[in-house]
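Student: here you go, sequence then predicted model.
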Amino acid sequence: MESNLQDLNKAAVTNGLVIGVIMAVVGILTFYVAPNLMGSTMFGIGLMLLSLAFYIYFTIDLRKKIGGYWNFKSALKGIFLMAFVAGLVGMVFNFIFYKFIEPDGFEKISGYITEGTTKTFENLGMEQDKIDEAVEKQLEAMKAQFDPTFKDLARNFGIAVLVQFIMSLIFAAIFKKESPAFAPTTED
């Protein structure tokens, strides 16, 4: 059981690194190739679904790597470790990218965010003063993501860990697979 747990930890860290790097590459490509997508609600939903698909794929892969069976506790531990590593990679990447590589990145995309958010709220029939207020809140939230203070980093990290744990609980319940108690019998 001990080597199985070590295999689980190693595989979870590896899968988390892969997810984090893939999502970082998607972020870089979006920023340089089509930054206008960063203001699109549909792109945000699509990115969330893509991320979910990666987590499902790598959760199944994780279970296969440790023999195909795991109880709820092992599933929760492995999935949470994988999600934590992926989230940490993404957070470190975003910090380095927007702080040192593209320090003016927020200014580059803030117009797209304003335009996309305004269009979304206009389609929902909101009044202009409420749209302006909502856009301002959205820009503040995005600024905290692209140019975070230490307080923003701590808050974002705490929220990310909480979301990752809840997602891991759900995934562990879905993807747990207990080993059979008895070996299957074959009839002659």
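Tutor: It's in.

Student: how about low-confidence regions in this structure?
Tutor: 1-3, 183-188 (pLDDT under 70).

Student: could you name the helices and strands sitting against the longest helix along it?
Tutor: In the chain, taking DSSP state H as the definition, the longest helix is helix 2-33. Counting by 3 or more CB pairs under 8 Å, 6 or more residues apart in numbering; DSSP states H and E, the packing neighbours recorded for helix 2-33 are helix 41-65, helix 72-96, helix 105-123. (C-beta placed from N, C-alpha, C; glycine too.)

Student: mind listing what's buried in the shortest one?
Tutor: Just to be clear, that refers to helix 105-123. By neighbour count on 16 or more other CB atoms under 10 Å, the buried set for helix 105-123 is 105-106, 109-110, 112-114, 116-118, 120-121.

Student: quick revisit: now do the buried residues in the longest helix of the chain.
Tutor: 8, 11-16, 18-20, 22-24, 27, 30-31.

Student: closest to residue 37 out of those residues?
Tutor: Minimum separation from residue 37 among those (CB to CB) is found for residue 30, which lies at 5.6 Å.

Student: I'd guessed that closest one sits against residue 39; true?
Tutor: No. In this structure, residue 30 is not within contact of residue 39 by CB atoms under 8 Å, at 11.0 Å.

Student: related to what we said a few turns ago, turn the helices and strands packed on helix 2-33 into CSV, including distance to residue 179.
Tutor: Shown next, in CSV, are the helices and strands packed on helix 2-33 (distance: least, CB to CB, whole Å):
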stretch, distance to residue 179
helix 41-65, 12
helix 72-96, 11
helix 105-123, 48
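
Student: of the ones you listed, which is nearest residue 35?
Tutor: Minimum separation from residue 35 across the helices and strands packed on helix 2-33 (CB to CB) falls at helix 105-123, 5.1 Å.

Student: can you pull the contacts of residue 117?
Tutor: Applying CB atoms under 8 Å, 6 or more residues apart in numbering to residue 117 gives the contacts 39, 41, 134-135, 138.

Student: likewise residue 143?
Tutor: Going by CB under 8 Å, 6+ apart, residue 143 touches 106, 110.

Student: from residue 168, how far off is it?
Tutor: From residue 143 across to residue 168, the span is 29 Å (CB to CB, to the nearest Å).
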